[in-house]
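1. sequence plus the predicted model coming up.
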Amino acid sequence: MERTLLLIKPNATRKGKIGAILGMVEDRGFKIEKLKMIRMDNNLADRFYAEHIDKGFYAQLSAFMQSGDIVAAVLSRDDAITGLRELVGHTDYRQAAPGTIRALFGDSLTENAVHASDSTVSAKREIAIIFP
């Protein structure tokens, strides 16, 4: 079994889409191992998005991620990382395949409803930050 991290971002939590998103995840055979609601602060955002701190979009991303509640989940199944990335869809919600989470619930490139780990290395690092 492989583990990955899902974050339901503030725009999706504000729109009341937590249940819909988690339902889609469970319907695809993922087991929810851990689940919690968090609020990011500067320190957590800086640690989680460390590779983006020096990029021009980071201030907007950090402010958005701190703007509301986030639901964090550790998910597991065979091929969890690839499977979740397929379910969430392209980072740009306008390019995401119909029926994917971002196509259904994304509002902009930054406010794209969810984050999903992109590799086993990222998943381990991100899970350790969110679920210490």
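-> Alright, I've got the coordinates.

2. could you pull up the residues touching residue 128?
-> Not one residue lies near residue 128 by CB atoms under 8 Å, 6 or more residues apart in numbering. C-betas here are computed from N, CA, C, even on glycine.

3. mind telling me what element it is part of?
-> Using DSSP states H and E, residue 128 falls within helix 120-130.

4. now residue 97: closest residue in space that isn't a chain neighbour?
-> residue 89 (5.6 Å; CB to CB, 6 or more residues apart in numbering).

5. check contacts around the one you found.
-> By CB under 8 Å, 6+ apart, the neighbours of residue 89 are 96-97, 100-103, 106.

6. ditto for residue 68
-> Residue 68 touches 10-11, 13-14, 39, counting by CB under 8 Å, 6+ apart.

7. how about a cut-off of 6 Å?
-> Contacts of residue 68 were listed using CB atoms under 6 Å, 6 or more residues apart in numbering, and they are 10, 13-14.

8. picking up where we left off before, nearest to residue 131 among the contacts of residue 89?
-> residue 101 (20.9 Å; CB to CB).

9. tell me what the residue most central in space within the chain is bridged to.
-> The centre of the chain sits closest to residue 115, judged by CA atoms, centre = their mean, with a distance of 2.0 Å. For residue 115, the beta-bridge partners are residue 7 (DSSP bridges).

10. with residue 77 instead?
-> residue 2.
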